[in-house]
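**Q** please find the sequence and the predicted model below.
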Amino acid sequence: MDYIIDNVEFIMELVKSGFIGIVGIFFIGLAIWIKMKEDRWNFKNIGIGLLAGGMALLLISVSMVVDSLQDGGVIAIDRNNPVWVILDVIKVLACVLIFVIAGYIMRSKRIKENDMYDMEITGKIIGYDTLTGRTKLPGYAQPTVEYIDPYSGEPDSYVVNQDINRKKHPIGSEYRLLYSREERKAFEKKSNKVYREMEVFFFGLAGLIFVAGVVKLIMNVL
């Protein structure tokens, strides 16, 4: 009976590891598909995140499969072997690096706010990002707002990183944005808050993975 239970647990662990790997491959494939569409905004804002997350999930999946096979007695690995120690270090550093890069990407999108210096501008909605706005609620999506830069006089655009009602804000309607005189860029407070939260999340996740990886390496060596 114990043998059967052990086998079921072993198979469940492999299935769980395989599912995580499949999700990772799906994210990577989706990022490649976005890139092939040559949609620069979507790849820069979503595709890179999907690619980073997919690679991290794939690395985690491979690690879980190896651990499951070792625990199940299918393979025997000497974790004290320098080769495996180096591979474990590379794996942890790769995961940390992926989320650190994602965090810096979010930081680069966040505009430094200055309520005393920023100005309000009015733009027009020229379209909706149906890929990222597929969404929490039907009829909602993320608008692309075109505006005239107050300094250069040239048209520019900004994609609002939150879902809004498409009926209440049809294409061609006005949409208010803030403009940073310091960075010469338009932004929207709620979108800025989302980027800040994502930045903290990615950096925090990188820190947790690093600490967990170090603890696991120490335990394997000891």
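**A** That came through fine.
**Q** tell me the SS of the residue nearest to Lys189 when sequence neighbours are not counted?
**A** Nearest residue to Lys189, sequence neighbours excluded (Cβ to Cβ, 6 or more residues apart in numbering): Leu178, at 6.6 Å. Every C-beta, even on glycine, is put in place using the N, C-alpha and C of the backbone. Of the three states, Leu178 takes strand according to DSSP: H, G, I helix; E, B strand; the rest coil.
**Q** try Lys124
**A** strand.
**Q** for Pro138, give its distance to Val159.
**A** 20 Å (Cβ to Cβ, to the nearest Å).
**Q** so which of these two has more stuff around it?
**A** Val159 (19 against 8; other Cβ atoms under 10 Å).
**Q** any idea how many residues pack against the residue nearest to the more buried one when sequence neighbours are not counted?
**A** Leaving aside its sequence neighbours, Val159 sits nearest to Thr144 (Cβ to Cβ, 6+ apart; 5.1 Å). Using other Cβ under 10 Å, Thr144 has 19 other residues around it.
**Q** Thr144 falls within a strand, correct?
**A** Yes - Thr144: assigned to a strand according to three-state DSSP.
**Q** what mean pLDDT does the strand or helix carrying Phe26 get?
**A** Per DSSP states H and E: Phe26 is located in helix 2-36. For helix 2-36, the mean pLDDT works out to 74.
**Q** which helices and strands does it pack with?
**A** helix 48-71 (3 or more Cβ pairs under 8 Å, 6 or more residues apart in numbering; DSSP states H and E).
**Q** report pLDDT for Asp39.
**A** pLDDT, Asp39: 53.
**Q** again, but for Asp71
**A** Taking Asp71 on its own, its pLDDT is 69.
**Q** could you do Ser173 as well?
**A** 91.
**Q** for it, what are its contacts?
**A** Applying Cβ atoms under 8 Å, 6 or more residues apart in numbering, we find Ser173 in contact with 124-125.
**Q** tell me the secondary structure at Tyr147.
**A** Quick answer, by three-state DSSP: Tyr147 is strand.
**Q** is the residue nearest to Val159 bridged to anything, and to what?
**A** Taking DSSP bridges as the rule, Thr144 bridges to Gly127, Val159.
**Q** that one and Tyr175, how far apart?
**A** From Thr144 to Tyr175 the distance is 10 Å (Cβ to Cβ).
**Q** any shared contact partners between those two?
**A** Shared contacts of Thr144 and Tyr175 (Cβ under 8 Å, 6+ apart): 125, 160.
**Q** for the protein, what helix or strand is lowest in average pLDDT?
**A** helix 40-42 (a mean of 51; mean pLDDT, DSSP states H and E).
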